[in-house]
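Enquirer: Here's a sequence, model it:
(one chain, ligands or ions: 1)
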Amino acid sequence: MVTTGHHTDHEIQSQPESWRAALAVLTAERADLAAFGRELRGAPDAAVILIGCGSTYYLAQAAAAALQAHTGLPARALPASEVWLNASALPKATRTCLIAISRSGETTETLRACEAFRSRGLGPILTLSAYPGRALTTLGDYNLVLPSGQEDSVAQTRAFSTLYLAALGLAAIWGEDDALWSELERTPEACAEILTHSRPLAEALGRDPSLDRFYFLGSGLRYGLSGEISLKIKEMSLSHSEPFHVLEFRHGPMSMVTPGTLLIVQLSDAQGEAERAVVDDMRKLGARILTIAESDADFALASGLGETARSLLVLPIGQRLAFARSVSKGLNPDRPHNLETVVTLV
Ligand code: F1P
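Expert: Numbers count the residues shown, from 1 in each chain. Predicted coordinates for the structure are as follows:
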C-alpha cells in the first residue's frame, strides 16, 4: 500500500471510474449540450475561446485544438488573466463562446474573466468544472459539472483527464461526430489497460537518478497535454521540465540536451515522419528518448482508438512518471512545494 502521496496515487489509479462517471453525465446532458452548440454554430462567424489557469490552461490548449478539428469552429486558448485584464485579447467574431475551465470553480482569474467577458456582451459562456455550487457554476449560460473529477491532491491528475474528456465530449457533440463519441465511450477501458501496462516503464524512468531534465514534445492537441505532463513533473518532483511543439525543439531548446535529458515525444499520425526526424536528431545529440504512438514507438498505446480519443491515454503515463520521481526524491506528491489547491487573489 502506498503511504506517501496516497491521494495522488488513488486519483491516478481511479481515472477509469472517473471517466465512466463523466461519460454518464455527458450522456444525460447530450441533448442540451447539442442545442447549445447548434445555436452557437448558427452565427455566421462564431468562434470559441477557452480559458483556464495552470493545468486548466493547458487543458484549454488541448481542447481548443480538438474543438476546432471536430467542429470547424475557430477555437483558441488563452490564460484566464488575458481575458480578464487584456480587452484586446479577444477576437472580433459576431458571436464568441467562452468556455471557462476550472477544477475548483474558484480561481479568481477565471471568475473575473467570465465577468469581464459577460460585461462585453460577446456571446454565451459555458463553464466546465468539478464542484457543484461553487462560484463558477453561477457564471455560465451552461454550467457543466463533473463531480468525479474532484480531488484531495493539489496537483491535478484525475481532474485534468476527466475535464479533458468532457471537453472532447463537447467536440463530439457540437461536431455531430458520432465516431468520436463512440471512441470516447471506450476510453475508460483503454485507460485501465494503459495504467497497468505503462506502469513499470513510467516508474523506472521516474526513479532514474541519472535524469535531470525533461522535455515533452507534441503537436496539435498533444502540445497542451505535453504542457500538462511537464507541469506534473515540476509540481510533484521539482524537476526542470518544459513542453515544446515537436519541430520547435530544434529551434533553440536542443542546446540544452545532455546525457541526463529525457525527451518524451507524442508522435502524431499525420506529421509522424517529420517528428521522427527530430527524434533521430536528438538521439544523435545524446538525449534519451521515449516515443509514444499508437504503434511503432518505444511505448505503443495499441488502443485501437483514433488520434483524438487516444490522446487521453498519455496522461496516466506522465502522471505516474511524475509520481514515481516525486517519491524517489523523498517528496510528497500530495503536497507540492509552495502550491495551494486554488489561487485566490484579493
Ligand atoms: C488551477 C490551478 C491548478 C494548479 C494550482 C493552482 O486551478 O492553477 O492547476 O495545480 O494548484 O490552481 P483550477 O482553476 O483548475 O481549480
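Enquirer: Any residues of the protein in contact with the ligand? List them.
Expert: Applying Cβ under 6 Å from any ligand atom, we find that the chain lies next to the ligand at 52-56, 102-104, 107, 110, 154-156, 339, 341-343. For glycine as for every other residue, the C-beta is placed from the backbone atoms N, C-alpha and C.
Enquirer: now, which of these lie within helices?
Expert: 55-56, 110 (DSSP state H).
Enquirer: Drop anything exposed from the residues you listed.
Expert: Buried by 16 or more other Cβ atoms under 10 Å: 55-56, 110, out of those.
Enquirer: and of these, the nearest to residue 271?
Expert: Closest to residue 271 out of those is residue 55 (25.5 Å), distances taken as Cβ to Cβ.
Enquirer: what's near enough to touch the closest one?
Expert: Counting by Cβ atoms under 8 Å, 6 or more residues apart in numbering, residue 55 touches 103, 155-156, 159-160, 228, 231.
Enquirer: one step back: put together TSV for the ones in helices among the residues of the chain next to the ligand, with pLDDT on each row.
Expert: TSV is the format used below for these (pLDDT from 0 to 100):
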residue	pLDDT
55	97
56	98
110	98
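Enquirer: mind checking pLDDT for the residue lying closest to residue 13 once chain neighbours are set aside?
Expert: Leaving aside its sequence neighbours, residue 13 sits nearest to residue 195 (Cβ to Cβ, 6 or more residues apart in numbering; 6.3 Å). Note for residue 195: predicted pLDDT of 98.
Enquirer: how many neighbours does residue 195 have?
Expert: Residues within reach of residue 195, counting by other Cβ atoms under 10 Å, total 20.
Enquirer: Ramachandran angles for it?
Expert: Main-chain dihedrals, residue 195, degrees, to the nearest 10: phi -60, psi -40.
Enquirer: correct me, but it touches residue 17?
Expert: No: counting by Cβ atoms under 8 Å, residue 195 stays clear of residue 17, with 11.4 Å between them.
Enquirer: And the residue of the stretch 51-200 of the chain found nearest the ligand, how close does it get to residue 122?
Expert: Nearest to the ligand, among the residues of the stretch 51-200 of the chain, is residue 54, at 2.3 Å (Cβ to the nearest ligand atom). When distance is defined by Cβ to Cβ, to the nearest Å, residue 54 is 24 Å away from residue 122.
Enquirer: thinking again about what came up before, among the contacts of residue 55, which one sits closest to residue 290?
Expert: Closest to residue 290, out of all of these and judged by Cβ to Cβ, is residue 228, at 16.4 Å.
Enquirer: Give me the helices and strands touching whichever strand or helix holds that closest one, please.
Expert: Assessed by DSSP states H and E, residue 228 sits inside helix 221-237. Counting contacts by 3 or more Cβ pairs under 8 Å, 6 or more residues apart in numbering; DSSP states H and E, helix 221-237 packs against helix 55-71, strand 213-218, strand 240-244, strand 261-266, helix 314-328.
Enquirer: can you pull the buried residues of stretch 55-75?
Expert: Going by neighbour count (16+ other Cβ under 10 Å), the buried part of stretch 55-75 is 55-71, 73-75.
Enquirer: now stretch 171-180
Expert: 171-175, 177, 180.
Enquirer: Looking at these, spot the one nearest residue 41.
Expert: Distance to residue 41, by Cβ to Cβ, is smallest for residue 174 among the buried residues of stretch 171-180, at 7.0 Å.
Enquirer: residues touching the closest one, list them.
Expert: By Cβ under 8 Å, 6+ apart, the contact list for residue 174 reads 33-34, 37, 40-41, 67, 70-71, 73.
Enquirer: hang on, the earlier thing: not counting sequence-adjacent ones, nearest residue to the residue of the stretch 51-200 of the chain closest to the ligand?
Expert: That would be residue 231: by Cβ to Cβ, 6+ apart, it lies 6.8 Å from residue 54.
Enquirer: Same question for residue 67.
Expert: residue 75 (4.2 Å).
Enquirer: quick one: the one you found and residue 60 touch, right?
Expert: No: between residue 75 and residue 60 there is no contact under Cβ under 8 Å: 9.3 Å.
Enquirer: any residues in contact with both of the two?
Expert: In contact with both residue 75 and residue 60: residue 50, using Cβ under 8 Å, 6+ apart.
Enquirer: Just grab the bridge partners of residue 100 for me.
Expert: residue 51, residue 127 (DSSP bridges).
Enquirer: thought it was touching residue 139?
Expert: Yes: at 7.2 Å, residue 100 counts as touching residue 139 under the criterion of Cβ under 8 Å.
Enquirer: Compare those two (neighbour count), which wins?
Expert: residue 100 (28 against 20).
Enquirer: and residue 23, how far is that from the ligand?
Expert: Shown here: residue 23 relative to the ligand, a distance of 21 Å by Cβ to the nearest ligand atom, to the nearest Å.
Enquirer: my read: that residue touches residue 168, true?
Expert: No: applying Cβ under 8 Å as the test, residue 23 and residue 168 come out as separate, 10.4 Å apart.
Enquirer: And these two? Which one has more around it.
Expert: Using other Cβ under 10 Å as the criterion, residue 23 and residue 168 rank with residue 168 on top: 27 against 22.
Enquirer: Helix or strand for the more buried one, just tell me which one.
Expert: helix 158-174.
Enquirer: Just checking the distance from whichever helix or strand comes after that helix to the centre of its chain.
Expert: Moving toward the C-terminus from helix 158-174, the next helix or strand (DSSP H and E) is helix 178-184. The chain centre lies 19 Å from the centre of helix 178-184; the measure is Cα atoms, centre = their mean, to the nearest Å.
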